[in-house]
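# sequence plus predicted model, see below.
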Amino acid sequence: MGKEHSRSKGGKALSDHQSDILIKLRSGERKDLVILVVPSRDRKDEPIPDQHMWAEAGLDVLANLYRGATAFKAYAGIFRTDAGKILHDEPILLEAYADRRDVESGDKLNSLLRFTVRMGKETDQDTVAIVVNDFMHFIPIVGR
């Protein structure tokens, strides 16, 4: 490590932050990535006029469950249904890094799923996607 003596806003030397990062990397400690996909179109291929409202509400949910989240507007998305129909979308991806115990918490998972199903119903979706780490879960929306 270099001898970096500049102080960050919190008062720590940058070399202290470097040490903290390296300790975390070497410890094997990991965060789980949770992504909620906020669609831009409904199942009839009509635009969802309040997509940003759903993204903001989803950010609030993720912040309450996992301490924070970031939203990314995707350039484009595409999905082929089981029936072979191609759907184009411009989703907003909500990403949160969470402790494993929070991701595995039944109460927190149920809160995330309740929000996902409500969003799916109110935006007229067949399914809504949640990604956890490297697996995409399609949550079917029933009873629209």
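Great, that's in hand.
# domain ranges for the protein?
Following automatic domain parsing, one finds the domains of the chain at 1-29, 31-140.
# can I get these in TSV including mean pLDDT?
As requested, those are exported to TSV (pLDDT from 0 to 100):
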stretch	mean pLDDT
domain 1-29	72
domain 31-140	95
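# ok, and which of those domains has the densest surroundings?
domain 31-140 (a mean of 15; mean count of other C-beta atoms under 10 Å). Yep, even glycine has a C-beta here, placed from its N, CA and C like the rest.
# first-to-last residue distance for that one?
27 Å (C-alpha to C-alpha, to the nearest Å).
# so which residues of the protein form helices?
Counting by DSSP state H, the chain has helices at residues 14-27, 51-66, 100-103, 106-122.
# please compute how far the second one lies from its chain's middle.
The reference is to helix 51-66. 9 Å (C-alpha atoms, centre = their mean, to the nearest Å).
# ok, and what's touching that helix?
Helix 51-66 is contacted from outside by 34, 36, 38-40, 48, 68-69, 71, 92, 94, 96-99, 102-103, 108, 111-112, 115, 119, 123, using C-beta atoms under 8 Å, 6 or more residues apart in numbering.
# export only the CA atoms of it, formatted as PDB.
What follows is helix 51-66, C-alpha atoms only, in PDB (Å, rounded to 0.1, in the frame of the first residue of the first chain):
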ATOM      1  CA  GLN A  51     -43.600   3.800 -14.400                       C
ATOM      2  CA  HIS A  52     -41.500   6.400 -12.500                       C
ATOM      3  CA  MET A  53     -44.000   6.300  -9.600                       C
ATOM      4  CA  TRP A  54     -43.500   2.600  -9.400                       C
ATOM      5  CA  ALA A  55     -39.700   2.900  -9.600                       C
ATOM      6  CA  GLU A  56     -39.800   5.500  -6.700                       C
ATOM      7  CA  ALA A  57     -42.100   3.300  -4.600                       C
ATOM      8  CA  GLY A  58     -39.800   0.300  -5.300                       C
ATOM      9  CA  LEU A  59     -36.800   2.300  -4.200                       C
ATOM     10  CA  ASP A  60     -38.600   3.100  -1.000                       C
ATOM     11  CA  VAL A  61     -39.300  -0.600  -0.500                       C
ATOM     12  CA  LEU A  62     -35.800  -1.700  -1.100                       C
ATOM     13  CA  ALA A  63     -34.400   1.000   1.200                       C
ATOM     14  CA  ASN A  64     -36.600  -0.200   4.000                       C
ATOM     15  CA  LEU A  65     -35.700  -3.800   3.400                       C
ATOM     16  CA  TYR A  66     -32.000  -3.600   2.500                       C
END
